[in-house]
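# Give me a model of this one.
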Amino acid sequence: MTKGSPYRFWLNLLLAGTAAGFVGFIIYRLVFALNYNWNWSVIPTYLVRFDEQAGRWVPNILLEGLFTTLKLSAWGMLMAGVIGLIMGVIRVSRRLFFRLSSRTYVELIRNTPPLVLIFIFYFFVSDQLLPALGAEALVRSLPAERSTWLSVLTTTPDLFIAFLSGVITIGIFQSAYITEIVRAGIEAIEEGQWDASKALGFTYFQQLRLVILPQALRIMLPPLANEFINTIKYSSIVSIISIQELTFQGLQVMSSTQVTIEVWLTITLMYLIICLSLSLFVNYLERRLNPLTPRPV
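Residues are numbered from 1 along each chain as shown. Purely as a prediction, here's the structure:
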């Protein structure tokens with residue numbers, strides 16, 4: 001036993017006791033001191049339902065909202081990753097114009113509230129850009145089989161334009177942060193790697209593709225995974241444009257049943273399970289990518 005470990009043990013015990021007492025106080029206030037009629041029996045009926053035609057249990061609107069949240073986050077993060085990678089490479093370009101353009105993009109997006117971006121992109125993209133491109137007519141004209149796949153991968157055709165607007169908004173908003181992650185990852189590679197690859201006759205893009213980015217990716221993966229967790233949490237804000245994700249569906253349940261706290265606690269728990277699972281995966285990923293990093297005592 002190392003010197004000072006007994007003090008650490010009692011400090012940890014004190015902190016754990018304080019946290020347990022705080023949680024107990026919250027539970028007491030919610031269960032006994034709050035003048036509220038609890039009705040948890042409503043929640044299971046909105047999680048799953050029995051489909052008589054299919055003869056099996058199927059997800060109800062809360063689980064459907066959770067699946068929409070996951071799909072919205074996945075597509076948004078994919079778009080953000082592509083834009084962020086491009087803008088991050090431009091961010092470290094040798095040309096001043098490209099560096100300034102990328103920095104302007106990052107600062108503009110990062111210093112604009114996401115709620116403002118949602119309204120801008122929803123009304124501009126869904127009312128002006130997408131109709132001009134014929135996206136809505138194309139989606140509605142899809143045959144039944146492709147419409148089914150569209151619903152599985154994204155959402156139903158009648159809600160696809162709003163879903164796509166949400167994906168674009170989340171993708172652009174998150175791409176500003178991913179741009180900085182890519183920039184930091186590239187700049188973390190020592191200058192000797194650039195010099196050695198240049199001495200081998202590689203062009204600038206060959207240096208990036210074959211030497212720099214593979215090494216930088218190892219540094220970037222953990223913060224990129226954290227950004228995916230943030231994307232799941234930020235996705236709740238698109239409920240204001242009627243995308244039927246988890247928060248929107250929870251509001252629908254509350255308006256129809258007048259059950260408020262139970263629904264919010266259920267939604268919180270569902271977000272917590274997803275984000276905590278991803279956090280554990282991120283910790284595992286960090287240990288795999290940095291095997292020599294000592295574990296905290």
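
# Could you pull out the helices in the stretch 101-250 of the chain for me?
Secondary structure of the stretch 101-250 of the chain (DSSP state H, counting those that start in this stretch): helices located at 114-124, 130-133, 135-140, 144-153, 160-187, 191-199, 204-206, 213-234, 246-257.

# Identify, out of these, the most deeply packed stretch.
Comparing those by mean neighbour count (mean count of other CB atoms under 10 Å), helix 160-187 ranks first with a mean of 23. Backbone N, C-alpha and C define where each C-beta goes, glycine included.

# tell me the mean pLDDT over it?
Regarding helix 160-187, the rounded mean pLDDT is 87.

# What helices and strands are in contact with it?
helix 61-91, helix 96-110, helix 114-124, helix 130-133, helix 135-140, helix 213-234 (3 or more CB pairs under 8 Å, 6 or more residues apart in numbering; DSSP states H and E).

# Spatially central residue in this protein, please.
With distances taken as CA atoms, centre = their mean, the residue of the chain nearest its centroid is residue 231 (1.9 Å).

# ok, that one - contacts?
For residue 231, the contact set (CB atoms under 8 Å, 6 or more residues apart in numbering) comprises 73, 76, 77, 80, 170, 174.

# which among these gets closest to residue 182?
Among the contacts of residue 231, residue 80 lies closest to residue 182 (CB to CB), at 11.0 Å.

# Return the distance of that closest one relative to residue 54.
36 Å (CB to CB, to the nearest Å).

# Once you drop chain neighbours, what's closest to residue 230?
Setting aside the residues directly before and after it, residue 230 is nearest to residue 174 in space (CB to CB, 6 or more residues apart in numbering), at 7.4 Å.

# Quick check, that neighbour in contact with residue 80.
Yes - between residue 174 and residue 80 there is a contact at 3.7 Å, judged by CB atoms under 8 Å.

# anything in contact with each of those two?
Common neighbours of residue 174 and residue 80 (CB under 8 Å, 6+ apart) are 227, 231.

# What number of residues are in the vicinity of residue 46?
23 (other CB atoms under 10 Å).

# cool, and the one 5 residues further on?
Residue 51 sits with 11 neighbouring residues when counted by other CB under 10 Å.

# does the closest residue to it other than its chain neighbours sit in a helix, a strand or a coil?
Closest residue to residue 51 apart from its sequence neighbours, by CB to CB, 6+ apart: residue 58 at 4.6 Å. Secondary structure state of residue 58, per DSSP: H, G, I helix; E, B strand; the rest coil, is strand.

# Now do the residue nearest to residue 230 against residue 84, distance only.
With the distance defined as CB to CB, residue 174 ends up 7 Å from residue 84.

# Also residue 95?
In terms of CB to CB, residue 95 sits 19 Å off from residue 84.

# Settle it for me: which of these two has more neighbours?
Just comparing residue 95 and residue 84: by other CB under 10 Å the higher neighbour count belongs to residue 84, 28 against 9.

# looking at it, the more buried one is touching residue 181, isn't it?
Yes - if you go by CB under 8 Å, residue 84 and residue 181 touch, sitting 7.1 Å apart.

# give the contact list for the nearest residue to residue 30 once chain neighbours are set aside.
With CB to CB, 6+ apart as the criterion, residue 30 has its nearest non-adjacent residue at 7.4 Å, and that residue is residue 261. Residues near residue 261 by CB under 8 Å, 6+ apart: 30, 36, 38.

# got a pLDDT number for residue 261?
Note on residue 261: pLDDT of 85.

# How much space separates it from residue 60?
Residue 261 is 19 Å from residue 60, by CB to CB.

# For the contacts of residue 231, give me a markdown table that also has distance to residue 269.
Listed next are those as a markdown table, based on distance: CB to CB, whole Å:
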| residue | distance to residue 269 |
| --- | --- |
| 73 | 17 |
| 76 | 23 |
| 77 | 23 |
| 80 | 26 |
| 170 | 23 |
| 174 | 24 |
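
# Which single one of those residues is nearest to residue 67?
Distances from residue 67 to those, taken as CB to CB, are shortest for residue 73 (10.8 Å).

# Quick check: that closest one touching residue 230?
No - taking CB under 8 Å as the definition, residue 73 is not a contact partner of residue 230, at 9.5 Å.

# Just the pLDDT for residue 126.
So, for residue 126, pLDDT stands at 67.

# what's the answer for residue 293, then?
At residue 293, the model reports a pLDDT of 55.
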